[in-house]
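sequence first, predicted coordinates after that:
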Amino acid sequence: MRIAADDPGPLRRELDLCAELVAPERADVLELGCGRAEFTRAAAERFPAARFVALEVDAVQHERNVASPHPGNLRFALGGAQAIPAPPASFDVVLMLKSLHHVPAGLMDAALDEVARVLRPGGRAYVSEPVCAGDFDALMSLFHDERAVRAAAFDALQRAAARGRLRPAGEHFWRARRHYASFDDFAQRMIHVTHTEHRLAPRTLAAVRERFARHAGSDGAATFEQAMRTDVLVRA
């Protein structure tokens, strides 16, 4: 297992990569730390024969998710990855999309043990994490440096593999496209989030705006490529 690679890998859509690696077409699927559940909604629409549960620890975002339109094969639940509200062996697939590093470091081991608990034998965990590299990471690091928590998440994955209940079945490096229609769009989606209270000083906000503007076109929109790593682990 490697936390980063010299080659950042191909440009991919995460939903396509997920479909290739964990085959959710008719599965019972759990996403941990779903946030706005944009991925889960898209997956539920693409795979109508599958059954999805989207778990979110932030009560404000959870209530918004419940109130929002969503496919009939998707339901929402409130809770953290370290204490999943589900019986053992409930799911074929567990997804953690840029969410493991948001689990408090002292609870990451418990969260991955919970993933193993709720997976059926032979079930697959799909864990994607950002890699600390590239223009998008440089922009985000101006106000939200995640190097320490991403390293902690990687260490937790290695410890989970060493415990033996989750067996590494592949590691994939790839690039995701991140598009923002304007700086205000970026700020709404990445700064003004319910799960983290970012209070940017005027000087910091100005630096973030200036860095964003370097990548923006004449219409104010900007597109970035974010380096990613996905680990697939199989329940023993």
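The structure has been received and is ready for your questions.

C-alpha from now on. contacts and neighbour counts both.
Fine.

now do the helices in the chain.
With DSSP state H, the ranges of helices along the chain come out as 14-22, 38-46, 59-67, 108-118, 134-141, 147-163, 183-186, 202-213.

got the contact list for stretch 168-181?
Residues from elsewhere that reach stretch 168-181, judged by Cα atoms under 8 Å, 6 or more residues apart in numbering: 1, 4-5, 7-14, 161, 186, 220-234.

among those, which ones are buried?
Among these, the ones that count as buried by 16 or more other Cα atoms under 10 Å are 4, 8, 14, 161, 186, 221-234.

which ones among those residues map onto strands?
Among those, the residues falling in strands (DSSP state E) are 222-234.

just name the most buried of the helices of the chain.
Highest mean neighbour count of the helices of the chain: helix 108-118, a mean of 22 (counted as mean count of other Cα atoms under 10 Å).

so what does it touch, helix or strand wise?
helix 147-163 (3 or more Cα pairs under 8 Å, 6 or more residues apart in numbering; DSSP states H and E).

quick one: the helix it packs on to chain centroid distance?
For helix 147-163, the gap between its own C-alpha mean and the chain's C-alpha mean amounts to 15 Å (Cα atoms, centre = their mean, to the nearest Å).

same question for stretch 159-177.
For stretch 159-177 - counting by Cα atoms, centre = their mean - the centre lies 14 Å from the chain centre.

from here on, count from 742
That works, and once the first residue is 742, the last one we named lands at stretch 900-918.

what comes up buried for it?
901, 902, 906, 907, 908, 909, 912, 913, 914, 915, 916, 917.

how many other residues sit next to residue 846?
Using other Cα atoms under 10 Å, residue 846 is surrounded by 19 other residues.

check contacts around it.
Contacts of residue 846 by Cα under 8 Å, 6+ apart are 890, 893, 894.

I'd like the distance between it and residue 892.
10 Å (Cα to Cα, to the nearest Å).

got it, and residue 795?
For residue 795, the distance to residue 892 (Cα to Cα) stands at 25 Å.

now for residue 846 and residue 892: what residues contact both?
Counting by Cα under 8 Å, 6+ apart, nothing touches both residue 846 and residue 892.
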